[in-house]
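Colleague: Fold the stuff below for me.
(2 chains)
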Amino acid sequence: MSKGALIKENNPNLSAGHFLAEIIKKGIVKGIILQKEMFEGQGVWHYLLKKPEDIEKSKVFVPFMGSSGATILSKFTKDKPSKDPIAIVLRPCEIRGVVELIKYKQVQMDNILLIGIDCGGTYERVNYLDNPSELPDDKTRLRSACKRCLHISPEFGDITLSYFGAENGVWVIPTSEKGEKLIKDMGLTLQEVTPERDNTIKSLVEEHKSEREKQFAEFKEQYDGMEGQLKFFSKCINCKNCMENCPICFCKECFFKSPSLTWDSETYLSMLNSKEAVRMPEDPIFFQWGRLAHITPSCVGCGLCTEACPVNIDVGLIFSYVAEKVQGEFGYEAGRSVEEPPILTEFVEHELEDLAE
Amino acid sequence: MVEFEPKIVGFFCNWCTSSAADLAGTSRLQYPPNVRPIRVPCSGTVDPVYLLRALREGADGVMIGGCHPGDCHYITGNLKARRRVKIIKTILESLGLEPERLLLAWISASEGKKFQRVVTEFTEKLKQMGPSTLSKKWK
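Modeller: Next comes the predicted model:
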């Protein structure tokens, strides 16, 4: 059973906001990156904030995630670690993205206080904006990625905020030495966290497990084989938004944006001699397969590719489905541990002996 | 009816498999002309997207030839290729897309005979499998 401090205000978001504002007031960090609705009806986005009164009204548990905090942290610290202490509030999938990016040297954690939240899931952008809500209390509205998510609670970070079993309040649970020191510095007293939190997490994971199996079985049934691929990606307009929104896609020079996929007019015309159809300007299935090859070894299944898709293809479904198999082959799980080297950075002489002729 | 002749794209390492192909040629070992060899500096330089692109653009089979593990001129290039091939095969298999169309072979510079055998066997196998559907476009 974990220990945590209970902070109680009118609702979970306010309680969390109160705690985060205290961190700023005590001068422990200079700023906090968190989700907040700055302009009414415009959705909740990540902001870097320093004023306690702004932070107080943040909405960290709001069921909306438009972009990944892992990408934000990477932009913030890739070239140079943060000079001043900064806190960032992230969901479990974002944290798993951060873990992968740390291993790829795209995030530097110096001076970063990582605060995770127990996540009840998020709604799609349009769904959320139609009817904004403070907490993910309607399970039917969850994104498909959230419905199949098995990581309700963060496994990496300094502090975990949880509204499960906290009755409108929030549990502040230290998960590292840095987190424990912070709790001490803030003068909070620790108590046993009610078993209701663990039970809520367990039951959510069980629910999501069966939903995950159902989604994967449906995918296999509907989209197996080449005909299935053509059906699944038939709407794809090759906009590459899925790639832009992916926390793991970080290459500066991308193969799919390079000139290697465009030709001059003469080459296009000469293709007509050897092929019956040339998809213009390029083939979306090759793009999606190529991205599967690049990303599935580290895919954390956040589903932000689906979120970014303008033609509503559930890109995240095929990625999660394939990633589970690819990572399973190597006994690897993206985002599980900073110590575990990613599949494509470690090479062992004696493995996969039967693969080659 | 004309027999189906599969198109094979081969990515052959400069140090081992390409030399083995030369050796097979200079030793006058007969092998099917279906393979279109591309000489690469090392099997580890082949990005998985090139394998997929070949399959998508009409190849019936793709072959990667490298040095035996431990013999790579760049120490670990072939081990990298092996993991990548495993990843691509897993992706193809999970989507029901015939992973057998991808072949990884370790053929050293002295193994002209092995080169002949591997290419012959792969061609025969692809002939049995028939034309690939992976290059199919929308109609």
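
Colleague: In which helix or strand does residue 23 reside?
Modeller: Reading this off chain A. Taking DSSP states H and E as the definition, residue A:23 sits inside helix A:12-25.

Colleague: not quite, I wanted chain B
Modeller: Residue-wise, residue B:23 maps onto helix B:17-26 under DSSP H and E.

Colleague: Tell me how far residue A:141 lies from residue A:178.
Modeller: Using C-beta to C-beta, to the nearest Å, residue A:141 is found at 35 Å from residue A:178. Heads up, the C-betas are built off the backbone N, CA and C, glycines and all.

Colleague: now residue A:331
Modeller: From residue A:331 across to residue A:178, the span is 30 Å (C-beta to C-beta).

Colleague: same thing with residue A:188?
Modeller: In terms of C-beta to C-beta, residue A:188 sits 15 Å off from residue A:178.

Colleague: between the two, who's got more neighbours?
Modeller: With neighbours defined as other C-beta atoms under 10 Å in any protein chain shown, residue A:188 and residue A:178 compare such that residue A:188 has more, 17 against 14.

Colleague: Without its sequence neighbours, what residue ends up closest to that one?
Modeller: Nearest non-adjacent residue to residue A:188, counting by C-beta to C-beta, 6 or more residues apart in numbering or on different chains: residue A:5, 3.8 Å away.

Colleague: Roughly how far does residue B:8 sit from residue B:35?
Modeller: 4 Å.

Colleague: Could you tell me which residues touch both of these two?
Modeller: B:63, B:119, B:122-123 (C-beta atoms under 8 Å, 6 or more residues apart in numbering or on different chains).

Colleague: Dump the C-alpha coordinates for the helix holding residue A:23 into PDB.
Modeller: Output of helix A:12-25 as PDB, limited to C-alpha atoms (Å, rounded to 0.1, in the frame of the first residue of the first chain):
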ATOM      1  CA  PRO A  12     -10.200  17.000  -7.900                       C
ATOM      2  CA  ASN A  13      -9.000  19.500 -10.400                       C
ATOM      3  CA  LEU A  14      -9.100  22.400  -7.900                       C
ATOM      4  CA  SER A  15      -7.400  20.200  -5.300                       C
ATOM      5  CA  ALA A  16      -4.600  19.400  -7.700                       C
ATOM      6  CA  GLY A  17      -4.400  23.000  -8.800                       C
ATOM      7  CA  HIS A  18      -4.100  24.000  -5.200                       C
ATOM      8  CA  PHE A  19      -1.200  21.600  -4.600                       C
ATOM      9  CA  LEU A  20       0.600  22.700  -7.800                       C
ATOM     10  CA  ALA A  21       0.100  26.400  -6.900                       C
ATOM     11  CA  GLU A  22       1.700  25.700  -3.500                       C
ATOM     12  CA  ILE A  23       4.800  24.300  -5.200                       C
ATOM     13  CA  ILE A  24       5.200  27.600  -7.100                       C
ATOM     14  CA  LYS A  25       4.500  29.700  -4.000                       C
END
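
Colleague: wait, does stretch A:101-115 contact chain B?
Modeller: No - Stretch A:101-115 lies out of reach of chain B by C-beta under 8 Å from any C-beta of the partner chain, never closer than 15.7 Å.

Colleague: Now that stretch: buried residues?
Modeller: Buried residues in stretch A:101-115, counted by 16 or more other C-beta atoms under 10 Å in any protein chain shown: A:101-103, A:106-109, A:112-115.

Colleague: Please give the number of neighbouring residues around residue 46.
Modeller: Went with chain A since none was named. Going by other C-beta under 10 Å, the residues that sit close to residue A:46 add up to 21.

Colleague: I was thinking of chain B, sorry if that wasn't clear
Modeller: 23.

Colleague: ok, it touching residue B:81?
Modeller: Yes - between residue B:46 and residue B:81 there is a contact under C-beta atoms under 8 Å: 6.2 Å.

Colleague: where do the contact lists of the two overlap?
Modeller: Contacts common to residue B:46 and residue B:81, judged by C-beta under 8 Å, 6+ apart, are residue B:64.

Colleague: Could you list the contact residues of the stretch 201-350 of chain A toward chain B?
Modeller: A:223-226, A:228-230, A:234, A:255, A:274-277, A:279, A:283, A:285-286, A:289-290, A:292-294, A:296-297, A:318, A:321-322, A:325-326, A:329-330, A:343-344, A:347-350.

Colleague: In strands, which of these appear?
Modeller: Among these, none falls in strands (DSSP state E).

Colleague: Mind checking which of these are buried?
Modeller: Applying 16+ other C-beta under 10 Å to these flags A:223, A:226, A:228-230, A:255, A:283, A:285-286, A:289-290, A:292-294, A:296-297, A:318, A:321-322, A:325-326, A:329-330, A:343-344, A:347 as buried.

Colleague: returning to what we had before: what about the shared contacts of residue B:8 and residue B:35, which are in helices?
Modeller: If you go by DSSP state H, those have B:119, B:122-123 in helices.

Colleague: Residue B:71: which of those is nearest?
Modeller: residue B:119 (20.1 Å; C-beta to C-beta).

Colleague: How are the helices of chain B distributed by residue range?
Modeller: Under DSSP H, chain B gives helices at B:17-26, B:48-56, B:77-94, B:112-129.

Colleague: With distance to residue A:48 as added columns, please give those in JSON lines.
Modeller: Compiled in JSON lines, the helices of chain B are given as follows (distance: least, C-beta to C-beta, whole Å):
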{"stretch": "helix B:17-26", "distance to residue A:48": "53"}
{"stretch": "helix B:48-56", "distance to residue A:48": "36"}
{"stretch": "helix B:77-94", "distance to residue A:48": "37"}
{"stretch": "helix B:112-129", "distance to residue A:48": "56"}
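
Colleague: Tabulate those (a markdown table), appending distance to residue A:268 and mean neighbour count.
Modeller: Converted to a markdown table, the helices of chain B look like this (distance: least, C-beta to C-beta, whole Å; neighbours: other C-beta atoms under 10 Å in any protein chain shown):
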| stretch | distance to residue A:268 | mean neighbour count |
| --- | --- | --- |
| helix B:17-26 | 31 | 20 |
| helix B:48-56 | 16 | 22 |
| helix B:77-94 | 28 | 23 |
| helix B:112-129 | 29 | 19 |
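
Colleague: Contact residues of chain B facing chain A?
Modeller: Close to chain A, as judged by C-beta under 8 Å from any C-beta, chain B has residues B:47-49, B:52-53, B:56-58, B:69-70, B:76, B:79-80, B:82-91, B:93-97, B:103-107, B:118, B:133-134, B:136-139.

Colleague: isn't residue A:15 right next to residue A:172, touching?
Modeller: No - counting by C-beta under 8 Å, residue A:15 stays clear of residue A:172, with 9.1 Å between them.

Colleague: List the residues that are in contact with both of these two.
Modeller: Jointly contacting residue A:15 and residue A:172 under the rule C-beta under 8 Å, 6+ apart are residue A:7.

Colleague: More neighbours: the two, which one.
Modeller: Neighbour comparison, residue A:15 and residue A:172: the larger count goes to residue A:172, with 27 against 24 (by other C-beta under 10 Å).
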